[in-house]
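Q: for reference, the sequence and a predicted model appear below.
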Amino acid sequence: MEKPKKRLLVTGASGFLGYRVCMEAQKNWQVFGTHHAKPVAVAGVEALGLDLTNHDDLAHSVKQVRPHAVIHTAAVSQPEDCQAHPASSRAINVSATANLATLCARDKIPFVFTSTDLVFDGLNAPYAETDPVSPVNEYGRQKVEAEEAIRRICPAAAICRMPLMFGHAPGTGSGFLGWMIRALEKGEPIRLFTDEYRTMVDTVSAARGLILFTEKSGGTYHLGGRRRISRHDMGLALLQRGPWDPSLLIRASVYDSTGLAPRSPDVSLVSESAYALGYRPTDFDRALDEGIRSRGIVVRNPDP
Ligand SMILES: NC(=O)c1ccc[n+]([C@@H]2O[C@H](COP(=O)([O-])OP(=O)(O)OC[C@H]3O[C@@H](n4cnc5c(N)ncnc54)[C@H](OP(=O)(O)O)[C@@H]3O)[C@@H](O)[C@H]2O)c1
């Protein structure tokens, strides 16, 4: 008889990253994925409606699922939203995260938390896990607070600092790559910073990394990609591969940003510890080809 699969609870299954975590995990786990405002059907995944800010509902979901591991991706993930709505975003990003960590610590459930490269100010890259945090906006400060709460409450947790990610998740905005492709398809210009750098990674690699860390010991890990690249160069790489007008790419500087949330210019991560533990991000060019193809677009000059 086949052994029953272990149960995995994924918060934020209706989100850009959570969707991909569910898709990858359901190959080997029985996956329960939570959504809040946007119910989403993920093949092979049991959907659970949950408002993370309701502690009783959260405790009930954990009791109901009895997970062997929890991957927590649900968040207010846009720095602009956190800056505009600090109290309501804090309730999710900090308080609900601490509550979930408490439940996991109580039941000794491996807990993986998605933090961010924006815990750093971007002035002293590249950043290792041992570098002091220095957030410049509300989102970064909330993630730092959440990290501190988790280390206190649930020291066995893996705190995974994620870089900017790209990929495709139906029913979501699909992040930075999705935004660029939608604009280019409509013939709208894309203004991209030449001086804002990230060690970007595709969501498939990131999802596999998070699943891997359900089995690792507690600590803080950087899950960056292997290439440091500016947003503008990402746009160039995209235009070289697709059927769009290259003149739509406009150069911009992070120092001219008019957004509400202050920006960190270079939050490239050193991720050697995660690589040594088996985290294997796909090569940037191949992952970008895949991200374009997954939308049914033929890639020109694909990576061989
Ligand atoms: N995207 C990136 O490039 C990036 C980079 C670094 C770190 N991260 C981190 O990675 C994680 C995933 O990011 P993402 O881009 O996938 O975010 P996302 O697409 O904005 O998804 C956020 C998820 O959180 C859920 N959520 C929000 N409020 C909730 C509430 N009150 N109760 C329950 N669920 C709630 C949403 O559910 P509904 O939509 O159903 O309401 C959605 O599933 C986040 O922790 C983010 O901070 C992301």
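A: Yep, that arrived.
Q: residue of the chain nearest the ligand, please.
A: Gly15 (2.3 Å; Cβ to the nearest ligand atom). For the C-beta atoms, the positions are set from N, CA and C on the backbone; glycine is no exception.
Q: list the contacts for that residue?
A: Thr73, Ala74, Ala75, Ser77, Ala169, Thr172 (Cβ atoms under 8 Å, 6 or more residues apart in numbering).
Q: which ones, among those residues, also lie beside the ligand?
A: Contacts with the ligand are made by Thr73, Ala74, Ala75, Ser77, Thr172 out of these, judged by Cβ under 6 Å from any ligand atom.
Q: my read is that the third one contacts Ile92, right?
A: Going back to what we said before, that points to Ala75. Yes: using Cβ atoms under 8 Å, Ala75 makes contact with Ile92 at a distance of 6.2 Å.
Q: okay, the ones next to the ligand among the contacts of Gly15 in a markdown table with pLDDT, neighbour count and secondary structure next?
A: Below are the ones next to the ligand among the contacts of Gly15 laid out as a markdown table (pLDDT from 0 to 100; neighbours: other Cβ atoms under 10 Å; DSSP: H, G, I helix; E, B strand; the rest coil):
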| residue | pLDDT | neighbour count | secondary structure |
| --- | --- | --- | --- |
| Thr73 | 98 | 28 | coil |
| Ala74 | 98 | 26 | coil |
| Ala75 | 98 | 28 | coil |
| Ser77 | 97 | 21 | coil |
| Thr172 | 78 | 18 | coil |
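Q: closest one of these to His222?
A: Among the ones next to the ligand among the contacts of Gly15, Thr73 lies closest to His222 (Cβ to Cβ), at 16.7 Å.
Q: pop out the phi and psi values for Gly197.
A: Small correction: residue 197 is Tyr, not Gly. phi -110, psi 150 (degrees, to the nearest 10).
Q: run a quick neighbour tally on it.
A: Neighbourhood size, Tyr197 [other Cβ atoms under 10 Å]: 23.
Q: in the sheet, who's paired with it?
A: Per DSSP bridges, the residues bridged to Tyr197 are Ser230, Asp266.
Q: so it makes contact with Ser230?
A: Yes: applying Cβ under 8 Å, one finds Tyr197 in contact with Ser230, separated by 5.2 Å.
Q: is the lengthiest helix in the chain anywhere near the ligand?
A: Scanning the chain for the helix with the most residues, using DSSP state H, yields helix 138-153. No: against the ligand, helix 138-153 shows no contacts by Cβ under 6 Å from any ligand atom, the least distance being 6.6 Å.
Q: okay, Lys175: pLDDT?
A: Lys isn't right for residue 175; it's Gly. Looking at Gly175, its pLDDT stands at 87.
Q: any idea how far it is from Thr116?
A: 13 Å (Cβ to Cβ, to the nearest Å).
Q: who has more neighbours out of these two?
A: Thr116 (25 against 21).
Q: which residues does that one form beta bridges with?
A: Met162.
Q: which bits of the stretch 51-200 of the chain sit near the ligand?
A: 51-53, 73-75, 77, 92, 114, 116, 162, 164-165, 172, 175.
Q: let's see it at 8 Å
A: 51-53, 72-78, 91-93, 96, 113-118, 139, 143, 161-166, 169, 172-173, 175-176 (Cβ under 8 Å from any ligand atom).
Q: filter the residues you listed down to the buried ones, PyMOL style.
A: Selection command for PyMOL covering only the buried members of these, criterion 16 or more other Cβ atoms under 10 Å:
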select buried, resi 52+72+73+74+75+76+77+92+93+96+113+114+115+116+117+118+139+143+161+162+163+164+165+166+169+172+175+176
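Q: what segments of this structure are helices?
A: 16-25, 55-65, 79-84, 86-90, 97-107, 138-153, 175-185, 203-212, 231-241, 272-276, 284-293.
Q: quick check: which of those helices is buried the most?
A: helix 16-25 (a mean of 26; mean count of other Cβ atoms under 10 Å).
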